[in-house]
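A.B. asks: sharing a model that was predicted from the sequence below.
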Amino acid sequence: MQTVKMVITGPFSAGKTEFIRSISEIEVVSTEREITTPAEKRQKDVTTVAMDFGRITVDDDLVLYLFGTPGQRRFDFMWEILAEGMLGFVVMVDSSKPETFREAKSILETFRAYAPTPYVVAANKQDHPDAWSAEDLRIALRIEEGVKLLPCVAKDKESVKNVLLELLYSILEEMDT
């Protein structure tokens with residue numbers, strides 16, 4: 001049996017935990033804690049402090065392990081630990097919050113430095129009225145043309161599946177070379 005470790009990363013409140021919950025066949029192992037910082041509390045009530053973990057059995061020969069990172073910089077010591085052994089990663093971007101784009105780009109560069117693995121960028125919250133299109137995000141984040149930047153709604157299992165399949169195809173392509 002082949003196992004593929006994928007890391008789901010991105011800024012605070014980008015949708016990483018929701019992304020993993022939408023698709024995991026097991027109950028997601030989560031390390032969420034109540035938020036006590038007033039500015040962050042306005043966005044949501046809990047935050048990931050170590051990681052989220054989910055699993056998907058693709059077929060008899062292939063299992064995907066999904067590791068979600070914390071989005072806050074104060075927990076970034078976990079990023080390198082979670083990146084170890086990854087075969088690819090997804091950078092989640094909240095398409096409706098341009099104030100998080102710089103942070104998303106910084107996280108993308110950090111993960112690229114950890115390992116030269118395939119990655120995709122998920123333009124999350126495409127169902128939000130203020131969401132930027134994937135192409136506008138590509139320009140704003142200065143993402144090269146060859147990088148897959150995919151529209152996504154983390155609550156929608158099919159949308160999540162499409163993002164993961166694109167990453168998996170990139171990983172398998174790299175393994176063949």
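C.D. replies: In hand now; what should we look at?

A.B. asks: where are the low-confidence patches of this structure?
C.D. replies: 31-33, 35-44, 46-50, 177 (pLDDT under 70).

A.B. asks: kindly state the beta-bridge partners for the closest residue to G85 other than its chain neighbours.
C.D. replies: Closest residue to G85 apart from its sequence neighbours, by CB to CB, 6 or more residues apart in numbering: K5 at 5.3 Å. In short, each C-beta sits where N, CA and C put it, glycine included. Taking DSSP bridges as the rule, K5 bridges to Y65.

A.B. asks: Y65 is in contact with K5, correct?
C.D. replies: Yes: using CB atoms under 8 Å, K5 is in contact with Y65, at 4.9 Å.

A.B. asks: neighbours of E99, how many?
C.D. replies: Per other CB atoms under 10 Å, the neighbour tally for E99 reads 8.

A.B. asks: can you confirm it is in a helix?
C.D. replies: Yes: under DSSP: H, G, I helix; E, B strand; the rest coil, E99 sits within a helix.

A.B. asks: got a list of what it touches?
C.D. replies: Neighbour list for E99: empty [criterion: CB atoms under 8 Å, 6 or more residues apart in numbering].

A.B. asks: one more: S22?
C.D. replies: Here S22 is in contact with A154, K155, D156, K157, V160 (CB under 8 Å, 6+ apart).

A.B. asks: buried subset of those, written for PyMOL?
C.D. replies: To isolate the buried members of those in PyMOL, using 16 or more other CB atoms under 10 Å:
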select buried, resi 154+156+160
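
A.B. asks: ok, so of the contacts of S22, who is nearest V90?
C.D. replies: V160 (9.4 Å; CB to CB).

A.B. asks: that closest one: which element?
C.D. replies: Per DSSP states H and E: V160 is located in helix 157-176.

A.B. asks: in that helix, what's buried?
C.D. replies: By neighbour count with 16+ other CB under 10 Å, helix 157-176 contains the buried residues S159, V160, N162, V163, L164, E166, L167, L168, S170, I171.

A.B. asks: quick one: the strands in this structure?
C.D. replies: Taking DSSP state E as the criterion, the chain carries its strands at 2-9, 29-34, 46-59, 62-68, 88-94, 119-124, 148-151.
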